[in-house]
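1. Here's my sequence, what's the structure:
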Amino acid sequence: MRAAQPASFALVIDLKALVPRAEWPLPDNGPVRVALQHAGQERVLMPGQVAAQGGWHLGFRKHLAAESQAFDVVAERRIGWAELPWGRIAGWAVACGLVVLGVRAWAQQRAGRRRAQELLRLGRVGRLNAMGELAAGMAHELNQPLTAVLANTNAAQRLLADEPPDLETAREAMAQAADQARRAAEVIGRLRRSVQEPSDTTVRVPVVWADTVRRALDLLAPELQRLAVTAEVSGDTATTVMADPVALEQVLHNLLNNALHALEQVPAAERRLLLSLGTEGTQGVLRVRDSGPGIAPEALPRLFEPFFSTRPGGLGLGLSLCETLATRMGGTLSGGNAEPRGAEFWLALPLAPTPAR
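-> Numbers count the residues shown, from 1 in each chain. Predicted coordinates:
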């Protein structure tokens, strides 16, 4: 009978079964929520764990291009704080920290070694120059008494020559003393000529002020840190002068050392070290100023005098040597008191010629 035939049909499709198990790597109770969506309807294939609070929410959506399966595959995952691999994270953090500390320690050790080598080099050059300055000073100081000894001996020889011939032995002794004094004067003269090089033999090349300042401050970094002093550098850092690089480093090193010795005598909160770079006419000028106690008025006229020092135990050759080096480089070194307090030294050197276009 026609009435016994079914009037409609129902088709039940398991959407989850449409995806082959080999292409479904996640377990049914995994943390990822997977669903098929279409036209506002949703079929959950795996419930996952997306209701947890906090953490990070990750999402993925892929549209199936087939017309017969116009679905969107949606995957969601929420990662909570408790799921993070804190042990591994802590291990990596500790390892990275140890690496950073190791690299920092290595860099500090390398910088300290380089600083020590530079200080040793400057110390050697400084000792050689100081010996030259000392020898020149000794030659200057001893030449006058030796000249007097020579003149007195010659006078005694002439006086003894007027005596009877029985004083021949005395005359020979005086002649020998005169010869020895004359020989000593010649030795001192040769020593003085050997240590006083003419200024035109000094090798001068273009030097950037800022590079020399940076190297000098780097060498004195431990002393600056000990005194809690931050050097302030201002002015035209591109100024280039004609100078002997080693001699210029030694002059600046001595000036900064003197400034730090002066700053050590004032409270830490009042310590300031200023370096300014600039030009005046055809010269580049470097000024070093500190906020120390300054220079005593009676010491100002003898500031660059050899063997004069206001520091206990000082030889008094530092500023004298700096002035000599500055003069050999064709420049000048001056100093005085600053306002309202402190000392200021300014070094002027010829500017390097500008390259022609």
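2. Just give the number of residues close to residue 30.
-> Residue 30 is flanked by 14 other residues according to other Cβ atoms under 10 Å. C-beta here means a position set from N, CA and C on the backbone, and glycine is covered the same way.
3. now it, what's its secondary structure?
-> On the three-state scheme (DSSP: H, G, I helix; E, B strand; the rest coil), residue 30 is labelled coil.
4. Do I have it right that it meets residue 46?
-> Yes. Contact criterion Cβ atoms under 8 Å: residue 30 and residue 46 qualify, at 6.3 Å.
5. Residue 253 and residue 217 touch, don't they?
-> No. In this structure residue 253 lies outside contact range of residue 217 using Cβ under 8 Å: 9.9 Å.
6. and the two? which has more neighbours close in?
-> residue 253 (24 against 18).
7. Could you give the number of residues near residue 38?
-> 13.
8. Now it: closest residue in space, sequence neighbours ignored.
-> Counting by Cβ to Cβ, 6 or more residues apart in numbering, the nearest residue to residue 38 once its immediate chain neighbours are dropped is residue 71, at 5.0 Å.
9. mind listing what that neighbour touches?
-> 36-38, 63-64 (Cβ atoms under 8 Å, 6 or more residues apart in numbering).
10. now the stretch 151-300 of the chain, which segments are flagged as low pLDDT?
-> 151-152, 154-157, 159-202 (pLDDT under 70).
11. Please name the bridge partners of residue 72.
-> Beta bridges link residue 72 to residue 37, residue 63, judged by DSSP bridges.
12. Assign a three-state SS to the closest residue in space to residue 337 that isn't next to it in sequence, would you?
-> Among residues not flanking residue 337 along the chain, residue 294 sits closest, at 4.6 Å (Cβ to Cβ, 6+ apart). The three-state label given to residue 294 by three-state DSSP is coil.
13. doesn't residue 342 make contact with residue 294?
-> Yes. The criterion here is Cβ under 8 Å, and residue 294 meets it with residue 342 at 5.6 Å.
14. which element is residue 276 on?
-> Using DSSP states H and E, residue 276 sits in strand 273-280.
15. Report the strands that pair with that strand, each with its relative direction.
-> Partners of strand 273-280 in the sheet, by DSSP bridges, are strand 231-235 (parallel), strand 283-290 (antiparallel).
16. just those: most buried one?
-> Mean neighbour count (mean count of other Cβ atoms under 10 Å) peaks for strand 283-290 among these, with a mean of 22.
17. Tell me the first helix or strand C-terminal of it.
-> helix 318-328.
18. Report the inter-axis angle for the very next helix or strand once past that next one versus strand 283-290.
-> Going down the chain from helix 318-328, the next helix or strand is strand 332-337, by DSSP H and E. Orientation check (axes from the mean of the first three to the mean of the last three Cα atoms, to 10 degrees): strand 332-337 against strand 283-290 gives 30 degrees.
19. How about residues contacting strand 332-337?
-> With contacts defined as Cβ under 8 Å, 6+ apart, strand 332-337 is touched by 251, 294-295, 300, 303-304, 319, 322-323, 326-327, 343-348.
20. sorry, back to before: the residue nearest to residue 38 and residue 217, how far apart?
-> Distance of residue 71 to residue 217, computed by Cβ to Cβ, to the nearest Å: 70 Å.
21. What of residue 352?
-> 22 Å.
22. what do you get for residue 56?
-> For residue 56 relative to residue 217 (Cβ to Cβ), the value is 48 Å.
23. Now do the same for residue 115: its pLDDT.
-> In the predicted model, residue 115 carries a pLDDT score of 71.
24. tell me the domain boundaries of the chain?
-> 10-83, 117-196, 205-350 (automatic domain parsing).
25. For stretch 81-92, give the mean pLDDT please.
-> What stretch 81-92 shows for mean pLDDT is 82.
26. buried sites along that stretch?
-> Of the residues in stretch 81-92, none count as buried by neighbour count, 16 or more other Cβ atoms under 10 Å.
27. Same question for stretch 239-249.
-> Under the neighbour-count criterion of 16+ other Cβ under 10 Å, stretch 239-249 has 239-244, 247-249 buried.
28. again with stretch 33-49
-> Neighbour-count burial for stretch 33-49, counted by 16+ other Cβ under 10 Å, picks out 33-36, 45-46, 48-49.
29. Next: stretch 335-348.
-> Per 16+ other Cβ under 10 Å, stretch 335-348 contains these buried residues: 335, 338, 342-348.
30. Alpha carbons of that stretch, as CSV, please.
-> In CSV, the C-alpha atoms belonging to stretch 335-348 read as follows (Å, rounded to 0.1, in the frame of the first residue of the first chain):
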residue,chain,number,x,y,z
GLY,A,335,96.8,77.9,35.2
GLY,A,336,95.1,79.8,38.0
ASN,A,337,92.2,79.9,40.4
ALA,A,338,88.6,79.6,39.3
GLU,A,339,85.5,81.4,40.6
PRO,A,340,83.9,80.8,43.1
ARG,A,341,86.4,78.1,44.2
GLY,A,342,88.8,75.7,42.7
ALA,A,343,91.7,75.7,40.1
GLU,A,344,91.6,75.8,36.4
PHE,A,345,94.2,74.9,33.8
TRP,A,346,93.9,75.5,30.1
LEU,A,347,96.0,73.9,27.4
ALA,A,348,96.2,75.6,24.0
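31. looking at it, residue 331 is touching residue 346, isn't it?
-> No. Assessed by Cβ under 8 Å, residue 331 is found out of contact with residue 346, at 10.2 Å.
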